[in-house]
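[1] Quick check, what structure comes out for this input:
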Amino acid sequence: IFVGSQLTIVFGVVNLIVAVVVDTFAEARENDVQNLAEEMEAEIQQDSKTLAKVFERIDKDGSGQLTLEDLIEGARTDTAFQSRLRVMDIDEND
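    Numbering: from 1, shown residues only. As a prediction, this is how the structure comes out:
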């Protein structure tokens, strides 16, 4: 009886320790997911600013609107725009 009760206490303590460890890792994972979402949001905002600058550069008449001719000319001359198009697998035929 003494050994049985002692084993029950040991397994109870081990179970408690495992529960704390699992809870700690679950919380850490939740924080990692939240940090990843924040990083992705910051990256999207940075990409938007970069694209806005590229579009301002290739807008030849300064109207704030891009024509098809502006886009085609920008794709031929602006290296940053060319890089973005290459990443998206867009070439001049598209």
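
[2] Could you look up the SS state of residue 61?
    Here residue 61 is recorded as coil under DSSP: H, G, I helix; E, B strand; the rest coil.

[3] For this protein, which segments count as helices?
    2-58, 68-77, 79-87 (DSSP state H).

[4] Residue 75: how many residues sit nearby?
    Neighbour count for residue 75, taken as other Cβ atoms under 10 Å: 18. Any C-beta I mention is one placed from the backbone N, CA and C, and that applies to glycine too.

[5] from now on call the first residue 54
    Taking 54 as the first residue, the last one we looked at is residue 128.

[6] Run through the residues that contact it.
    Going by Cβ atoms under 8 Å, 6 or more residues apart in numbering, residue 128 touches 134, 135, 138, 145.

[7] Pick the one among those closest to residue 100.
    Here the nearest of the contacts of residue 128 to residue 100, counting by Cβ to Cβ, is residue 134; it sits at 13.0 Å.

[8] Please tell me how far the residue nearest to the spatial centre of the chain sits from residue 124.
    Nearest to the mean C-alpha position of the chain, by Cα atoms, centre = their mean, lies residue 93 at 2.9 Å. With distances taken as Cβ to Cβ, to the nearest Å, residue 93 is found 27 Å from residue 124.

[9] what's the answer for residue 117, then?
    For residue 117, the distance to residue 124 (Cβ to Cβ) stands at 14 Å.

[10] Show me where this structure dips below the pLDDT cut-off.
    Counting by pLDDT under 70, the chain has low-confidence residues at 54.

[11] Residue 84: neighbouring residues, count only.
    For residue 84, using other Cβ under 10 Å, the count is 10.

[12] do residue 73 as well
    10.

[13] Show the contacting residues for the residue nearest to the centre of the chain.
    Applying Cβ under 8 Å, 6+ apart, we find residue 93 in contact with no residue.
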